[in-house]
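Engineer: how would this look folded up:
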Amino acid sequence: MLNKIGRLFQIKTRLEAWLVIYAIALGAVERGRHYLETYPGWGGWMLAVACTGVVFLAGAKLLDSVRRPVPAVAMGPYAAPVKRRSAIGRSRPRRLPTDRAAALRTSRRID
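Structural biologist: Have a look, this model is predicted:
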């Protein structure tokens, strides 16, 4: 039962993400107006800009988190080649080069 209720609060489509971003923007503008009234001058303007700037960060994060639809596979002679992913991921740590090899007597490295 909790899973069904929890699914109501998940953003699944880009339209839902845009609606949430719109709601965040409305709240940010209202908060910015409040800051301008409370703190007249330069400080109020900076707080208002910070409120509205957060909408860009949150909106980008929301749009990136929503899965994009998988494109349909084109069939025929003009179909794009399928990119194959290697078994080794990009997040695999790589061995960093060291300068210890240059200090070894058996090394044939010429600097």
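
Engineer: which residue sits closest to Tyr35, ignoring its sequence neighbours?
Structural biologist: Computed as Cβ to Cβ, 6 or more residues apart in numbering, the closest residue to Tyr35 that is not its neighbour in sequence is Leu47, at 4.1 Å. (Glycine included, C-beta is placed from N, CA and C.)

Engineer: Can you say which helix or strand has that neighbour in it?
Structural biologist: Take DSSP states H and E as the rule and Leu47 turns out to sit in helix 42-65.

Engineer: Show residues contacting that helix.
Structural biologist: For helix 42-65, contacts defined as Cβ atoms under 8 Å, 6 or more residues apart in numbering pick out 11, 14, 17, 20-21, 24-25, 28-29, 31-33, 35-39.

Engineer: So among the residues you listed, which ones count as buried?
Structural biologist: Ile11, Ala17, Ile21, Ala25, Ala28, Arg31, Gly32, Tyr35 (16 or more other Cβ atoms under 10 Å).

Engineer: Need the pLDDT of the fourth one.
Structural biologist: So the one you mean is Ala25. The confidence metric pLDDT takes the value 95 at Ala25.

Engineer: Sticking with it, tell me its helix or strand.
Structural biologist: Going by DSSP H and E, Ala25 is part of helix 14-38.

Engineer: Report all helices and strands that that helix contacts.
Structural biologist: helix 42-65 (3 or more Cβ pairs under 8 Å, 6 or more residues apart in numbering; DSSP states H and E).

Engineer: Secondary structure class of Ile110, three-state.
Structural biologist: Secondary structure state of Ile110, per DSSP: H, G, I helix; E, B strand; the rest coil, is coil.

Engineer: Number of residues surrounding it?
Structural biologist: Look at Ile110: counted by other Cβ atoms under 10 Å, it has 5 neighbours.

Engineer: For it, which residues are in contact?
Structural biologist: Counting by Cβ under 8 Å, 6+ apart, Ile110 has no contacts.

Engineer: thinking again about what came up before, helix 14-38 and the helix holding Leu47, what's the angle between them?
Structural biologist: Put simply, helix 42-65 runs at 170 degrees to helix 14-38, going by axes from the mean of the first three to the mean of the last three Cα atoms, to 10 degrees.
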